[in-house]
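Student: Build me a model:
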Amino acid sequence: MKRVRINAGQAALIFRKGDYKRVLTQGVYWLNMGETVVRYNLALPMNSSRVALEVLLKDEQLTALWHVIDVLDNELVLVYKNGKYSQTLTAGRYVFWKDLVDYTFTRANLSKIYITEQIDRALFAKK
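Tutor: Predicted structure coming up:
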């Protein structure tokens with residue numbers, strides 16, 4: 001057995017023989033032999049290449065810690081981090097951790113002639 005500490009601002013995914021087992025949040029845990037820990041910074045978007053996102057989405061405890069954003073082909077999603085513009089998402093599926101950073105998302109449907117969503121004009125200013 002191995003003792004693992006997950007610090008504040010972190011989460012960890014536990015794998016055994018390459019298969020996802022569970023998620024750990026802040027605290028001290030004991031792991032069985034053969035289990036590996038992959039730590040994630042909660043201030044950054046979730047990027048996991050170890051296992052398909054669809055496998056992770058089956059765990060309700062884990063998905064409760066996430067914002068899962070599905071962006072369609074005819075949409076853009078503006079991401080605001082703590083009230084400040086952060087990035088624009090194009091078509092795809094994105095995962096952001098909840099709780100540590102306050103994320104808000106604004107969807108803009110590009111198939112309409114006019115974009116009616118509230119988007120700050122300052123985002124379009126020339127630099």
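Student: okay, CA-based contacts and neighbour counts for the rest of this
Tutor: OK.
Student: Point out where the chain drops to low pLDDT.
Tutor: Regions of the chain meeting the criterion pLDDT under 70 cover residues 115-116, 121-127.
Student: As a check, name the ranges of all strands in it.
Tutor: With DSSP state E as the criterion, the chain has strands at 2-6, 10-16, 19-24, 27-31, 35-41, 66-71, 75-81, 84-89, 92-97, 103-109.
Student: okay if I get those as CSV plus distance to Leu56?
Tutor: Formatted as CSV, the entries for those read as follows, by distance: least, CA to CA, whole Å:
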stretch, distance to Leu56
strand 2-6, 19
strand 10-16, 10
strand 19-24, 7
strand 27-31, 19
strand 35-41, 13
strand 66-71, 11
strand 75-81, 23
strand 84-89, 21
strand 92-97, 11
strand 103-109, 21
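Student: Include mean neighbour count when you put the ones you listed into TSV, please.
Tutor: Below are those laid out as TSV (neighbours: other CA atoms under 10 Å):
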stretch	mean neighbour count
strand 2-6	13
strand 10-16	18
strand 19-24	16
strand 27-31	12
strand 35-41	16
strand 66-71	16
strand 75-81	17
strand 84-89	13
strand 92-97	17
strand 103-109	17
